[in-house]
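S.K.: Using only what follows, build the 3D model:
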Amino acid sequence: MIDKSYVATMARYNAWQNSQLTDIVTHMDHEALELDRGAFFGSILGTLNHLLWGDRIWLNRFGADVDAPELPLAQSAALTPTVAAWGAERFQVDGRLTIWADGLHNLDLAGGLTWFSGSVKTKVTRPFAECVVHMFNHQTHHRGQVHAMLTAAGQSAPVSDLFIMNTQNGR
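M.R.: You can find the predicted model right below:
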């Protein structure tokens, strides 16, 4: 399904996207970031928090050096109280995601992953590689929501085309 080079590329893409988002949201008013914009997780900050929450829980399940969030899914939008707190934690988690991805071997993607899902309230087993793809897809999905909310708020949303990643800032 996927190999370690895909995972490393997507980890770099994730960090690149989050860096661009950080550059934008750190210059916005706190009220603008917390304004309910009708998205599933309400606000820009709420959606960014949920995304960070999801990354932490998946990376913890994958055995990366990341603590699972203490808040349940229903409270994930409240993970951090400010964009500064979000940005600091986002930077740390992105670094750990990159380290985890760079240390991965193709064989690590084989087999299954079993965990108790709070979302469906049962034990789940899925192919490990599928879970990794899900994590990256989840990131892209919610960053797309943030992109739309930023545009609606009059902000310039970041460039999100994967092929452009290697042409900007030497990455």
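S.K.: mind listing what's buried in the helix or strand where residue 96 lies?
M.R.: Residue 96 is part of helix 83-102 when elements are defined by DSSP states H and E. Of all the residues in helix 83-102, those buried under the rule 16 or more other CB atoms under 10 Å are 83, 86, 87, 89, 90, 93, 94, 96, 97, 100, 101. For the C-beta atoms, the positions are set from N, CA and C on the backbone; glycine is no exception.
S.K.: Now for the closest residue to the second one other than its chain neighbours: which residues touch it?
M.R.: The shortest distance from residue 86 to any non-neighbouring residue, by CB to CB, 6 or more residues apart in numbering, is to residue 80 (4.2 Å). If you count contacts by CB atoms under 8 Å, 6 or more residues apart in numbering, residue 80 has them with 45, 49, 52, 86, 89.
S.K.: quick one: secondary structure of residue 80?
M.R.: coil (DSSP: H, G, I helix; E, B strand; the rest coil).
S.K.: Relative to residue 89, how far out is it?
M.R.: Taking CB to CB, to the nearest Å as the measure, residue 80 and residue 89 are separated by 6 Å.
S.K.: Same check on residue 31?
M.R.: 21 Å.
S.K.: what does the longest helix along the chain rub up against?
M.R.: Secondary structure of the chain read by DSSP state H shows that its longest helix is helix 128-152. Residues outside helix 128-152 that contact it (CB under 8 Å, 6+ apart) are 1-2, 7, 10, 13-14, 17, 21, 24-25, 37, 39-41, 43-44, 47-48, 50-51, 54-55, 58-59, 61-62, 108-113, 156-158, 160.
S.K.: Filter those down to the buried ones.
M.R.: Applying 16+ other CB under 10 Å to the contacts of helix 128-152, the neighbour count classes 2, 7, 10, 13-14, 17, 21, 24-25, 37, 39, 41, 43-44, 47-48, 50-51, 54-55, 58-59, 61-62, 108-109, 113, 157-158, 160 as buried.
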